[in-house]
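*Asks:* What follows is a predicted structure for the sequence shown.
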Amino acid sequence: MKKTIIVFSGDLDRVMAAFIIANGAAAMGDEVTMFFTFWGLNVLRRPEKVKVKKSFLQALFGWMMPRGAGKLGISKMNFGGLGAKMMKIVMKQQNVTPLPELIRLAREQGIRMIACTMSMDVMGIRKEELIDGLEFAGVATYLAEADEANVNLFI
């Protein structure tokens, strides 16, 4: 069976849920497509700064957004990043797989990860700023996948 997940949120807890579900479905033999749009693109950003040409507003926007899986805050009680740090400590104590490892597992399991090109244009994110192993496409590609899927999630 096929599953699709739209990753709209850039919150650590929500992105974790998306990758846990995606990896679980792939481990059960399902074909999984994750479509990252708007704030969800932040999880795919490289942690290091990549020099690319941008307009002033795009550069400012990029500066304000978290860069990569290690910089995401949580959706509730983030308290300037303290909540995310506390959550990571508790997850480690509970042997929960950290987000970078979930992303690596998703790649190994062949999960399609598609970055929304329209959102990239709006947010001033260039392909060079994103991690390797992604596809780049628009909503039509996602909808074609969703038409064939029996589960479509919006996270």
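*Replies:* Arrived safely, thanks for sending.
*Asks:* For Ala84, what are phi and psi?
*Replies:* Main-chain torsions, Ala84, degrees, to the nearest 10: phi -60, psi -40.
*Asks:* give the contact list for it.
*Replies:* Residues counted as contacts of Ala84 (C-beta atoms under 8 Å, 6 or more residues apart in numbering) are 12, 72-74, 78. From N, CA and C alone the C-beta is placed, and that goes for glycine too.
*Asks:* let's see 10 Å
*Replies:* 11-13, 66, 70-74, 77-78 (C-beta atoms under 10 Å, 6 or more residues apart in numbering).
*Asks:* Show me what Val7 is bridged to.
*Replies:* Judged by DSSP bridges, the bridge partners of Val7 are Phe36.
*Asks:* isn't it right next to Ile103, touching?
*Replies:* No. The pair Val7 / Ile103 is not scored as a contact, 11.2 Å apart, by C-beta atoms under 10 Å.
*Asks:* Need the three-state assignment for the residue minimising distance to the centre of the chain.
*Replies:* Nearest residue to the geometric centre of the chain (C-alpha atoms, centre = their mean): Val43, 4.2 Å. With DSSP: H, G, I helix; E, B strand; the rest coil as the basis, Val43 sits in helix.
*Asks:* Identify the residues contacting the residue lying closest to Met87 once chain neighbours are set aside.
*Replies:* Nearest residue to Met87, sequence neighbours excluded (C-beta to C-beta, 6 or more residues apart in numbering): Ile74, at 5.6 Å. Going by C-beta under 10 Å, 6+ apart, Ile74 touches 11-16, 81-88.
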